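Enquirer: Sequence first, then the predicted structure, then my questions.
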Amino acid sequence: MAARIIGTGSGLPEHIVTNDYLSTVVDTSDEWIRERTGIRERRISKGETTSDLASKAAKQALESAGMSSDQIELILVATFTADSHMPSTACLVQQEIKATNAVCFDISAACTGFVYALSCAYAYIHAGMYKNALVIGAETISKTIDWTDRGTCVLFGDGAGAVVVQADESGKMTFVQGSDGSKGRALTYYGKSMNNLLTSLNDNNSYISMDGQEVFKFAVKKVPECMEELFVKTNVDIDEVKYFCLHQANKRIIHSVAKRLKQPEEKFPINLDKYGNTSAASIPILLDELYKDNRIQKGDKFVISGFGGGLTWGAALIEC
Ligand code: UT7
């Protein structure tokens, strides 16, 4: 059985932080941030947790799908900024939206997390185990940031996006995915997990850290490569694709991918100017905008692609 996206939603903190505001926090400028990344502002949580934002997105997605929460059999949350290691964010969402019939767990694949989570939901549905799944990307990256590091603090934002995926022969999703653990050091967040009884190692002060140029080079090579693989695998002509919905990390990465694929930039929607890099949330937030504006309709073909920490990457061709 194949599957379709039948509902979308998003959950964004209300508080907007502009580039000008950040230039009062670190030695940066609106001009530098806009030129190097395309970001103008981002949303930063003032107390909303990852599960709060994820639940908000989930409720909207259910409403737009016209479904009740008890019809959901599977909740997957892609995040590297869970409220807690235990319980999972997916279980917290389950409790909040009262999806009592769902199996729930989190997926940790940084900015590729949503693509991986969608592929898991699709595989479960394809195998006949479940018919209705809620797939969410949600982050409160602001809590992982060193607010004295201008190299990272200007890039990220908080938010969540969700889709409802339903078994349906008229839809189709094809995935190409990969990981390279040998390059994991390029983008790290260790969190507060070290408190060793025997060595007294106790690290409570870890922040996100990134070799920006290494990740940039990886992204502009790997994303077009995996998309090209996708078109060979599906035998679909690239010109049939209406939109390429890339992880919203950097406008220059997106434009470089467009150039490499010889596709017009207009086919690559961008909202990172408003939200910054929201990691696993960026693709579903973008999809929510496109679905709400009726820019994606039944019969359309579009591509999603994520890349980032791990290192990880993935792309999907979605035939609606
Ligand atoms: O979502 C996960 C995937 N992540 C990504 O895809 C991120 C990929 N990387 C990037 O998007 C870019 O590498 C960045 C936006 C992070 C950085 O842009 P860049 O053009 O690679 O800049 P850079 O790191 O080479 O830094 C250039 C200069 C340096 O100064 P010097 O050494 O030339 O004097 C930095 O210190 O810019 C300086 N700089 C800044 N200046 C003002 C770095 N951050 C800032 C800043 N404001 N916020």
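Expert: Thanks, I have the structure now.

Enquirer: and the residue in the chain that the ligand sits nearest to, what is it in contact with?
Expert: As assessed by CB to the nearest ligand atom, the ligand sits closest to Gly212 within the chain, at 2.9 Å. Using the backbone N, CA and C atoms, a C-beta is placed for each residue, glycine as well. Going by CB atoms under 8 Å, 6 or more residues apart in numbering, Gly212 touches Gly151.

Enquirer: in the stretch 151-300 of the chain, which segments are predicted with low confidence?
Expert: The model of the stretch 151-300 of the chain has pLDDT under 70 over residues 192-197, 199-205.

Enquirer: Please spell out which residues along stretch 307-316 are buried.
Expert: Within stretch 307-316, the residues that count as buried by 16 or more other CB atoms under 10 Å are 307-316.

Enquirer: Run through those residues and flag the ones next to the ligand.
Expert: Among these, the ones lying near the ligand by CB under 6 Å from any ligand atom are Gly308.

Enquirer: Mind checking which of the buried residues of stretch 307-316 are in strands?
Expert: If you go by DSSP state E, those have 307-308, 312-316 in strands.

Enquirer: picking up where we left off before, closest to Asn19 out of the buried residues of stretch 307-316?
Expert: Within these, proximity to Asn19 (CB to CB) peaks at Gly308, which comes in at 22.0 Å.

Enquirer: Quick check: bridge partners of that closest one?
Expert: Counting by DSSP bridges, Gly308 forms beta bridges with Thr312.

Enquirer: Which residues of the chain lie near the ligand?
Expert: Counting by CB under 6 Å from any ligand atom, the residues of the chain lying close to the ligand are 28, 32-33, 36-37, 111, 150-151, 154-155, 212-213, 215-216, 219, 249-250, 253, 277, 279, 308.

Enquirer: can you tell me which of these are in strands?
Expert: Short answer: the residues of the chain next to the ligand in strands (DSSP E) are Gly308.

Enquirer: sorry, back to before: take the buried residues of stretch 307-316 and lay them out in JSON lines including pLDDT.
Expert: Output for those, formatted as JSON lines (pLDDT from 0 to 100):
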{"residue": "Phe307", "pLDDT": "98"}
{"residue": "Gly308", "pLDDT": "97"}
{"residue": "Gly309", "pLDDT": "97"}
{"residue": "Gly310", "pLDDT": "96"}
{"residue": "Leu311", "pLDDT": "97"}
{"residue": "Thr312", "pLDDT": "98"}
{"residue": "Trp313", "pLDDT": "98"}
{"residue": "Gly314", "pLDDT": "98"}
{"residue": "Ala315", "pLDDT": "98"}
{"residue": "Ala316", "pLDDT": "98"}
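
Enquirer: how about the ones in strands among the buried residues of stretch 307-316, which pair is most distant?
Expert: Maximum pairwise distance among these (CB to CB): 15.7 Å, between Gly308 and Ala316.

Enquirer: my guess is Pro284 contacts Gly7, does it?
Expert: No. The pair Pro284 / Gly7 is not scored as a contact, 11.1 Å apart, by CB atoms under 8 Å.

Enquirer: neighbour count winner among the two?
Expert: A count of neighbours by other CB atoms under 10 Å puts Pro284 above the other of Pro284 and Gly7, at 31 against 21.

Enquirer: Wait, a helix at that one?
Expert: Yes. Secondary structure of Pro284 (DSSP: H, G, I helix; E, B strand; the rest coil): part of a helix.

Enquirer: Thank you kindly, that will do.
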